[in-house]
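just need the structure, nothing else, for what follows:
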Amino acid sequence: MSKCWGQERTSRRLARGNGAQPTLSEQTPKQSEHRPGIRVKTARRQREMRFLAIRRIVSRERGKTLSPQKPFTGNDGRVYALGGMGSDAAPQALVRVYDPARDHWQPLPPMPTPQYAASAFLKGNKIYVLGGRQGKLPVTAFEALDLETKSWTKYPSIPSRRAFANCAMTEKCFYSLGGLQQPGPHNFYSRPHFVNTVEVFDIEQGNWTKQSRSTRMREKRADFSVGHIGGRVIAAGGLGNQPVPLGSVEGFNPTKRKWESLPAMNTPRCSCASLQIDNMLFVIGGVAQGPSNAVEALCDRESI
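Okay, here's the model as predicted:
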């Protein structure tokens, strides 16, 4: 398998290794030199304050208007928008569909669990919604909207409560990855901490399994981008225990049952928008030292 990162508006490519190894295309855009100044007393407190500071930058950039969940296009060409955050910062349960032929938004049955920042996937005639947040609290709900019957179904909740986690979908499974683990009665930690957790929902069996240590992600990360290309689940960038956003990328090899390193992003960042088209995963914008305008794509060349 050959994978590469492509930077928009550049044709310059740097080869690494032989033809079977990933290659990298890069053009680093100018980044803001600004870095929030935060006084800290401990390494742990520094990581927490850094995480909150970067999130404040993201919130300021997005503004305080109604912020719907990331919309996506269905097989019928319609655009679906689910949940989101209202102008009062309250989580929303609204579900709407846009018909481009009629230039009209139509309401659909609201979600059973109001939330924002969740992961949504279209599979068959159902939209699956996993995780998300309600204020500072992570949501573990796993629900699906049947587009034919216009009804919601609840599935077993995500096993662990993690903020800024992310989810991916394959042909047979849903993956809930990483995040910021919240303190709880059974947790050793008294503060939120980054994790490399991997939890898998088997669609046929209808249950969640928590993976062994050998199948956890290589890096502890939160607020990162995910995708599924070339038969592998991809985790890119995000925030971890380092003093700056991550640029590392890893993919889960289902044959070897382990995560493997992939070419790093040219611009390390978190809080990115992502878009998957065929076997290309686009990572758009986000936060590096400040707001970033980088647009990069990880592609599986064998599928192009």
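
isn't S160 up against Q211?
No. In this structure, S160 is not within contact of Q211 by C-beta atoms under 8 Å, at 11.7 Å. C-betas here are computed from N, CA, C, even on glycine.

where do the contact lists of these two overlap?
Overlap of the contact sets of S160 and Q211 (by C-beta atoms under 8 Å, 6 or more residues apart in numbering) consists of E199.

any idea how many residues pack against Y155?
18 (other C-beta atoms under 10 Å).

again but with P192, I slipped
Using other C-beta under 10 Å, P192 has 22 neighbouring residues.

what's the pLDDT at the nearest residue to it once chain neighbours are set aside?
Once flanking residues are discounted, P192 sits nearest to L180: 4.8 Å by C-beta to C-beta, 6 or more residues apart in numbering. Confidence at L180, expressed as pLDDT, is 93.

what's opposite L180 in the beta bridge?
Counting by DSSP bridges, L180 is bridged to A163, F194.

test my guess that it contacts S160.
No. Look at L180 against S160 with C-beta under 8 Å: they stay out of range, at 11.2 Å.

neighbour-wise, which of these two wins?
Taking other C-beta under 10 Å, L180 and S160 do not tie; L180 has more neighbours (22 against 19).

dump the residue contacts of the more buried one.
L180 neighbours (C-beta under 8 Å, 6+ apart): 51, 162-165, 192-195, 222.

please apply the same query to L147.
Going by C-beta under 8 Å, 6+ apart, L147 touches 74, 125-127.

hmm, try it at 6 Å
Counting by C-beta atoms under 6 Å, 6 or more residues apart in numbering, L147 makes contact with N125.

now it: how far from Y128?
Separation of L147 from Y128 (C-beta to C-beta, to the nearest Å): 12 Å.

again, but for R221
In terms of C-beta to C-beta, R221 sits 23 Å off from Y128.

look at the two and report which has more neighbours.
The neighbour count for R221 versus Y128, taken as other C-beta under 10 Å, is higher for R221 (30 against 22).

pull out the buried residues from stretch 218-228.
Buried residues in stretch 218-228, defined by neighbour count with 16 or more other C-beta atoms under 10 Å: 219-228.

what about that stretch, average pLDDT?
Per-residue pLDDT values over stretch 218-228 give a mean of 96.

any idea how far apart the tips of that stretch sit?
End-to-end distance of stretch 218-228 (C-alpha to C-alpha, to the nearest Å): 17 Å.

show residues contacting it.
The contact list for stretch 218-228 (C-beta under 6 Å, 6+ apart) reads 164, 166, 168, 170, 178-180, 194-196, 234-240, 246, 248, 250, 259, 270-272, 274, 276, 281, 283.

and these, which are buried?
164, 166, 168, 178-180, 194-196, 234-240, 246, 248, 250, 259, 270-272, 274, 276, 281, 283.

so which of the contacts of stretch 218-228 sit within strands?
Within the contacts of stretch 218-228, residues falling in strands by DSSP state E are 166, 168, 180, 194, 234-236, 250, 259, 274, 276, 281, 283.

min pLDDT across these, which one?
Lowest pLDDT within those is found at Q276 (89).

how near is it to V226?
As judged by C-beta to C-beta, Q276 and V226 stand 9 Å apart.

again with A120
Going from A120 to V226 by C-beta to C-beta gives 13 Å.

and M169, by the same measure?
Noted for M169: a distance of 9 Å to V226, by C-beta to C-beta.

what of D76?
With distances taken as C-beta to C-beta, D76 is found 25 Å from V226.

could I get the contacting residues of the nearest residue to V244 once chain neighbours are set aside?
In space, and not counting its chain neighbours, V244 is closest to P268: 6.4 Å by C-beta to C-beta, 6+ apart. Listed by C-beta under 6 Å, 6+ apart, the contact partners of P268 are 245-247.

likewise for N196?
By C-beta under 6 Å, 6+ apart, the neighbours of N196 are 216-217, 220.

out of these, which comes closest to H104?
Nearest to H104 among the contacts of N196, counting by C-beta to C-beta, is M217 at 42.3 Å.
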